[in-house]
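Student: sequence plus the predicted model coming up.
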Amino acid sequence: MSKSDFGLIGLAVMGQNLVLNVESRGFQVSVYNRTTSVTDEFVAAHPGKKLVGAQSLEDFVQSLASPRKIMIMVKAGGPVDAVIESLIPLLDKGDIIIDGGNSLYTDTERRDKWLGDLGFRFIGAGVSGGEEGARKGPAIMPGGPASTWEVMQPIFESIAAKAEGEPCVTHIGPGGAGHYVKMIHNGIEYGDMQLICEAYNIFKAAGFTADELGQVFSDWYAGDLESYLIQITAEIFKQKDPETGKPIVDVILDTAGQKGTGKWTIMNAVENAVVISTINAAVEARILSSMKDKRVAASTELQGPKSEITGDKAALVKKVHDALFASKIISYAQGLDLITAMSKEKGWNLDLGKIAAIWRGGCIIRARFLNDITDAYRTDPGLSNLMLAPFFKNLLNEFQQNWREVISMATLAGIPVPAFSASLGYYDSYRAAFLPANLLQAQRDFFGAHTYERTDKPRGEMFHTNWPDVIG
Ligand code: NBP
């Protein structure tokens with residue numbers, strides 16, 4: 001039998017679909033899974049396809065053409081190291097290992113050095129799009145040496161989604177840059193999802209039925225809010241539970257799960273002193289949602305207004321559209337700001353125009369307005385914040401009245417809108433020539449002699465006041 005062009009280890013949902021995608025582009029693919037019955041079942045389920053199922057890692061490695069191109073698609077963390085360790089004795093120098101899972105970028109940096117020192121080539125590639133994306137075309141964010149990317153480019157470009165005729169894959173940067181950008185993608189995804197949920201909660205308080213909500217989101221999908229997440233939300237509202245006949249959304253328990261990427265994004269933002277308040281609010285909203293028992297108990301203890309919104313439904317749809325769109329711009333602005341900061345910190349020289357361009361297809365955050373984000377960074381690669389690009393500046397100005405009204409309305413009705421509020425708080429703080437940090441500096445100087453700068457003296461010159469003694 002001829003040697004395979006590509007090998008994949010880890011035949012869970014992502015691995016299986018990626019293999020079928022690669023095979024469908026004309027490549028022969030070898031596959032291996034720790035639990036070998038999974039390999040057998042997978043190969044047997046796809047007769048006539050150019051698949052080689054291996055029972056041992058040795059057979060798997062031997063079945064691959066040189067230089068070997070091996071993608072690992074296993075659970076992030078220890079399993080990735082375990083697979084790499086068992087592969088190392090079987091490989092030749094120059095072989096390429098690609099980690100396609102959601103690995104923490106610092107793990108990718110460590111593996112990049114580890115494998116590089118041993119003479120192997122390593123790519124840490126973020127893959128987005130879930131099961132369907134993996135099968136039909138994901139967005140791929142590969143990081144590693146440019147020379148290794150060039151070897152992988154034909155396969156990656158053939159399996160990636162296409163947007164405006166361009167493949168949704170590009171060489172992101174060295175080392176852990178690919179997994180880093182995937183992590184921020186996921187942070188933005190958290191923000192997007194939470195904002196949609198807050199819009200839903202307002203509509204729910206205004207008495208919208210699931211059918212009406214399905215229509216609102218379908219209409220939004222047909223307009224400027226077009227995105228994958230808006231599309232699936234419309235479908236969710238239309239779906240009925242086969243057991244009860246009720247809308248499925250009404251029988252799903254309101255406690256959200258999360259894996260690691262949202263939390264990692266927040267930790268990285270704190271380390272880089274970048275504000276990602278919308279994404280923070282989204283992660284915290286999931287945490288609060290998971291405290292179901294405490295919330296149910298507190299709901300009869302802590303008082304608040306009746307969560308009811310009245311008024312014209314069509315007018316409310318327009319207002320919430322504007323609040324959602326404005327908040328969404330902020331969520332992307334914050335995520336991209338963090339990428340900019342990290343790119344500087346690490347000397348990665350990341351191209352935000354290219355990153356926005358590959359997010360236009362295949363991935364979970366794909367959205368029509370990513371075309372406008374791409375244009376904004378292509379026009380001005382040094383853009384200091386997305387909000388300041390003329391297109392987005394105008395939109396934020398156009399939407400801000402309704403944005404403020406929706407947050408006020410929700411707040412007065414006691415409906416939590418943490419991500420909408422965090423987004424507006426960011427907008428208002430960012431555009432504030434004055435913030436009350438003068439008082440904060442006075443407090444710091446009072447209790448800790450931390451000193452302060454003065455408005456009437458050059459920056460950098462520090463002053464201290466002899467404050468009164470308040471003890472005793
Ligand atoms: P999982 O993350 O559920 O991992 C399951 C796979 O890992 C199985 O093939 C399992 O083999 C293998 N595995 C484990 Br667990 N420990 C192993 C070990 N010590 N040695 C060898 N293999 C081991 O699979 P997934 O949901 O397909 O995701 C794969 C990667 O892609 C993850 O990093 C995930 O975060 C990322 N990702 C997932 C999605 C998604 O929508 N699911 C989207 C984007 C990215 P076994 O069969 O023997 O247990």
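Tutor: Received, thanks. Residues are numbered from 1 along each chain as shown.
Student: what about stretch 135-147, how long is it end to end?
Tutor: End-to-end span of stretch 135-147 (C-alpha to C-alpha, to the nearest Å): 27 Å.
Student: need the contact list for residue 65.
Tutor: Neighbouring residues of residue 65 by C-beta atoms under 8 Å, 6 or more residues apart in numbering: 2, 3, 4, 5. All C-beta atoms are positioned from the backbone trio N, CA, C, and that covers glycine.
Student: and the first one, what pLDDT?
Tutor: Read that as residue 2. Predicted confidence (pLDDT) for residue 2: 95.
Student: where does it sit: helix, strand or coil?
Tutor: Judged by DSSP: H, G, I helix; E, B strand; the rest coil, the three-state class of residue 2 is coil.
Student: list the buried residues in stretch 241-260.
Tutor: For stretch 241-260, a neighbour-count test (16 or more other C-beta atoms under 10 Å) marks 247, 248, 249, 256 as buried.
Student: out of these, the closest to the ligand would be?
Tutor: Closest approach to the ligand among the buried residues of stretch 241-260 (C-beta to the nearest ligand atom): residue 256, at 15.4 Å.
Student: about what we covered before: relative to the ligand, which of the contacts of residue 65 is nearest.
Tutor: Nearest to the ligand among the contacts of residue 65, counting by C-beta to the nearest ligand atom, is residue 4 at 18.4 Å.
Student: next, work out how far apart that closest one and residue 89 are.
Tutor: Look at residue 4 and residue 89: by C-beta to C-beta, to the nearest Å, they are 20 Å apart.
Student: which one's more surrounded, the two?
Tutor: Neighbours per residue, other C-beta atoms under 10 Å: of residue 4 and residue 89, the larger number sits with residue 4, 24 against 9.
Student: can you pull the contacts of the more buried one?
Tutor: Residue 4 sits next to 27, 28, 29, 30, 50, 52, 63, 64, 65 when contact means C-beta under 8 Å, 6+ apart.
Student: and the residues you listed, which are buried?
Tutor: By neighbour count, with 16+ other C-beta under 10 Å, those hold 27, 28, 29, 30, 50, 52, 63, 64 as buried.
Student: distance of the closest residue to the fifth one other than its chain neighbours relative to the ligand?
Tutor: What it means is residue 50. Excluding its sequence neighbours, the residue lying closest to residue 50 (C-beta to C-beta, 6 or more residues apart in numbering) is residue 28, at 4.1 Å. Counting by C-beta to the nearest ligand atom, to the nearest Å, the separation of residue 28 from the ligand is 21 Å.
Student: now do the same contact list for residue 28.
Tutor: Contacts for residue 28 (C-beta under 8 Å, 6+ apart) come out as 2, 3, 4, 5, 6, 50, 51, 52.
Student: which residue packs closest to the closest residue to the ligand within the stretch 251-400 of the chain, ignoring adjacent ones?
Tutor: Proximity of the stretch 251-400 of the chain to the ligand (C-beta to the nearest ligand atom) peaks at residue 259, 6.4 Å away. Residue nearest to residue 259 in three dimensions, not counting chain neighbours: residue 102, with 7.1 Å by C-beta to C-beta, 6+ apart.
Student: for the ligand, what's the nearest residue on this protein?
Tutor: Closest point on the chain to the ligand, by C-beta to the nearest ligand atom, is residue 101, at 2.5 Å.
Student: got phi/psi on residue 426?
Tutor: Residue 426 has phi and psi values of phi -70, psi -50 when expressed as degrees, to the nearest 10.
Student: quick one: contacts for it?
Tutor: 275, 277, 278, 330, 334.
Student: out of those residues, which is most surrounded?
Tutor: residue 278 (32 neighbours).
Student: so it touches residue 334, yeah?
Tutor: Yes: using C-beta atoms under 8 Å, residue 278 is in contact with residue 334, at 5.8 Å.
Student: give me the common contacts of the two.
Tutor: Listed as contacting both residue 278 and residue 334 by C-beta under 8 Å, 6+ apart are 191, 426.
Student: picking up where we left off before, name the SS class of the residue of the chain closest to the ligand, please.
Tutor: Look at residue 101: counting by three-state DSSP, its state is coil.
Student: find the helix or strand that the nearest residue to residue 387 once chain neighbours are set aside is a member of.
Tutor: Of all residues not flanking residue 387 in the chain, residue 333 sits nearest, at 5.0 Å (C-beta to C-beta, 6+ apart). Per DSSP states H and E: residue 333 is located in helix 313-346.
Student: avg pLDDT for that helix?
Tutor: Averaging pLDDT along helix 313-346 yields 98.
Student: tell me which strands and helices it is in contact with?
Tutor: helix 177-205, helix 210-221, helix 261-271, helix 277-290, helix 352-358, helix 390-412, helix 418-430 (3 or more C-beta pairs under 8 Å, 6 or more residues apart in numbering; DSSP states H and E).
Student: in that helix, what's buried?
Tutor: The neighbour-count check on helix 313-346 (16+ other C-beta under 10 Å) flags 316-317, 319-343, 346 as buried.
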